[in-house]
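J.: Would you be able to build a 3D model of this:
(one chain, ligands or ions: 2)
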Amino acid sequence: MAWGTEGKTADATTSFLQSIFENVTDAIFIIDHKGYVSGANPAASKMTGWSLEELTGKVHFCEICRGMATCTAEATCVDCFGKQLNLPAFEMKIRTKDGREYPVVASSTRLGDREGNALIVILRDMSEQQRMERERFQRMMTNYVIQAQEEERKRVSRDLHDGVGQALYSILVGLKVVNQLDLAEPVKEHLLEVQLATARALEEVRNMAVELRPAALDDLGLVPAIRSYVKRYEQTFGINTRLSVVGPRRRYASSVETALYRICQEAMTNAAKYADADRIDIRLEDTGDRIELEVADDGCGFDPNEIRVQGTGLGLYGMRERAHLLGGSLQIRSAPGEGTAIHVVIPLTEEGEPLHVDPGSYRG
Ligand SMILES: Nc1ncnc2c1ncn2[C@@H]1O[C@H](COP(=O)(O)OP(=O)(O)OP(=O)(O)O)[C@@H](O)[C@H]1O
Ligand SMILES: [Mg+2]
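T.: Residues are numbered from 1 along each chain as shown. Ligands and ions are numbered 1, 2, ... in the order given. Next up, the predicted model:
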């Protein structure tokens, strides 16, 4: 025998088994031939909310059972597992004394007793596992959406740059060539206007392509991409912005560079939209085993525990998700009148890959 009772007297064996019965975390019910609970362990009391005195001899198991998870209500009672012999583990729901319902995994065994036979039902709480599974699935879906959005932005940006952008450039060159011909002055003037409009359209298309996804992020890396974003940002919003970079300059996994760039972009956009800031400080620090990004503004600030969403409200959520998906963390320090700082930390390997990747992460 390999269950720890070898060499023990009958009393010692009984007390050993009793202590297992009382201390296991699974709920154990002994059901008599009429379906009433005739015995239960403390875990069963904890799980159902009934005291052991209330349970034994007074509660019919049908009051606790909400049926097997795979059955319809009628089928559950007709095919009651209590009428069957030994069943392998199955999923079911139980109802507690105060009416809450939650999922468990059950197994049952029939034992002969003096009055017929007793059913032993063992229940394991699955609500925590199901919550974790739901969260894992949600995170995986978020990751798919982020990846798909990034791929799409990349594609549209490239198409704009190489397609419409190139076509407009060719038109511009053509217009310049035509305008050098010996034409009447009014025609030349008109051509010049068309040339200027085409140049403006080309500029807009290029800006849109960069806004969607800057080629610098893929070609040159995180620091040059943030640097050129800062330049455009200062020109657009007139907010004095300082970027300080500490540590070695190196490339990181594309997932890390994209996440940090997008977090920085969203934090700066929020500062421009809501903070009424005079100044923004961006700090990027590579300590070898992690990369940290902080975007701090000196604007009006807000209470992070009571966010009054003024846009769609996805920005802060998306920033946090991006950091978590790479095994990192994100902190928001802000208070009314005291500015806002967004601080991200992502642990890295020597090769600049994220050290811990969420198991639900999509890396395809
Ligand atoms: N730097 C900041 N200064 C002041 N308030 C801020 C700042 N950043 C965020 N907030 C406040 O927090 C709210 C939530 O920001 P979040 O980025 O999540 O959503 P949003 O900007 O409203 O919408 P979205 O980003 O989806 O377009 C904002 O509406 C704003 O009220
Ligand atoms: Mg936002």
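J.: check which helix or strand covers the residue of the stretch 51-200 of the chain found nearest ligand 1.
T.: Closest contact between the stretch 51-200 of the chain and ligand 1, by Cβ to the nearest ligand atom, is at Gln149 (13.0 Å). All C-beta atoms are positioned from the backbone trio N, CA, C, and that covers glycine. Applying DSSP states H and E as the criterion places Gln149 in helix 127-159.
J.: and what of Glu234?
T.: Using DSSP H and E, Glu234 maps to helix 222-237.
J.: Just list what that helix packs against, helices and strands only.
T.: Judged by 3 or more Cβ pairs under 8 Å, 6 or more residues apart in numbering; DSSP states H and E, the packing partners of helix 222-237 are helix 185-212, helix 215-219, strand 240-246, helix 254-270, strand 279-286.
J.: For ligand 2, what's the nearest residue on the chain?
T.: Gly315 (2.7 Å; Cβ to the ion).
J.: Not counting sequence-adjacent ones, nearest residue to that residue?
T.: Distance criterion Cβ to Cβ, 6 or more residues apart in numbering; nearest residue to Gly315, sequence neighbours excluded, is Glu266 at 4.8 Å.
J.: ok now do the one you found, which residues does it touch?
T.: Residues near Glu266 by Cβ atoms under 8 Å, 6 or more residues apart in numbering: Gly315, Gly318, Met319.
J.: Check the gap between it and Val177 for me.
T.: Using Cβ to Cβ, to the nearest Å, we find Glu266 at a distance of 44 Å from Val177.
J.: Show me what from this protein comes close to ligand 1.
T.: By Cβ under 6 Å from any ligand atom, the residues of the chain that approach ligand 1 are 270-271, 274-275, 297, 299-302, 307-316, 340.
J.: ok and the residue in the stretch 101-250 of the chain nearest ligand 1?
T.: For the stretch 101-250 of the chain, Cβ to the nearest ligand atom, closest residue to ligand 1: Ile239, 11.3 Å.
J.: show me the residues around that residue that make contact.
T.: So Ile239 contacts Tyr233, Ala271, Ala272, Ala277, Asp278, Arg279, Ile280 (Cβ under 8 Å, 6+ apart).
J.: Which ones among the residues of the chain next to ligand 1 map onto strands?
T.: Using DSSP state E, the members of these that fall in strands are Asp297, Thr340.
J.: related to what we said a few turns ago, from the contacts of Ile239, list just the buried residues.
T.: Buried members of those, scored by 16 or more other Cβ atoms under 10 Å, are Tyr233, Ala271, Ala272, Ala277, Ile280.
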